[in-house]
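Student: please work out how this folds:
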Amino acid sequence: MERYVHHIPGRIRIKCAGIRGNAERAFALQALLRNRPGVAETTVNTVTGSVLIKFEPGETSAQELFTSVRLAGFDTWPVPSMLTPAGAQRMVPFSNKRFRRTGMKLGKIAAGMLLEKALERSALALIGAIL
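Tutor: Modelled structure (predicted):
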């Protein structure tokens, strides 16, 4: 499962496998984050495993929030170097699985189109031979 961190000043999004499909753990994480100083708002999505945290940069940092999520036992990808205040940064790990699935879908579409054309030409040839 891909996990990434996206951060801009005052806002961080973390993918957590630990809350995906688990409303109880998501609620626990949301409560943990809401009790942290400087956190203005948290939104969790159990379908995607995503946590959006809006915070006051003067009171806490993206690094502190990310670390607190990790230390609480939620599965996150440890990439603290991405949480620099230099602006928005994002990293999506390379996934062979995603490309394989896409290739399979494209292959099925292409095979279907070829088969359709072959049958169409065969039908035309048969009609031409009969006439």
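Student: make it CA atoms for all contacts and neighbour counts henceforth
Tutor: Fine.
Student: tell me how far residue 12 lies from residue 107.
Tutor: 38 Å (CA to CA, to the nearest Å).
Student: neighbour-wise, which of the two wins?
Tutor: residue 12 (22 against 12; other CA atoms under 10 Å).
Student: contacts only, for that one.
Tutor: Going by CA atoms under 8 Å, 6 or more residues apart in numbering, residue 12 touches 5, 6, 52, 53, 54, 62.
Student: next one, pLDDT for it please.
Tutor: Listed pLDDT for residue 12 reads 91.
Student: in a helix, it, correct?
Tutor: No. Under DSSP: H, G, I helix; E, B strand; the rest coil, residue 12 sits outside any helix and is assigned strand.
Student: domains in this protein, by residue range?
Tutor: The chain is divided into the following domains under automatic domain parsing: 5-90, 95-131.
Student: same question for the longest helix seen in the chain, mean pLDDT?
Tutor: As assigned by DSSP state H, the longest helix anywhere in the chain is helix 96-130. Mean pLDDT, helix 96-130: 75.
Student: how far off centre is that helix?
Tutor: 32 Å (CA atoms, centre = their mean, to the nearest Å).
Student: before we move on, what about stretch 62-70?
Tutor: Once both centres are worked out by CA atoms, centre = their mean, stretch 62-70 turns out to sit 18 Å from its chain's centre.
Student: out of the domains of the chain, deepest packed?
Tutor: domain 5-90 (a mean of 17; mean count of other CA atoms under 10 Å).
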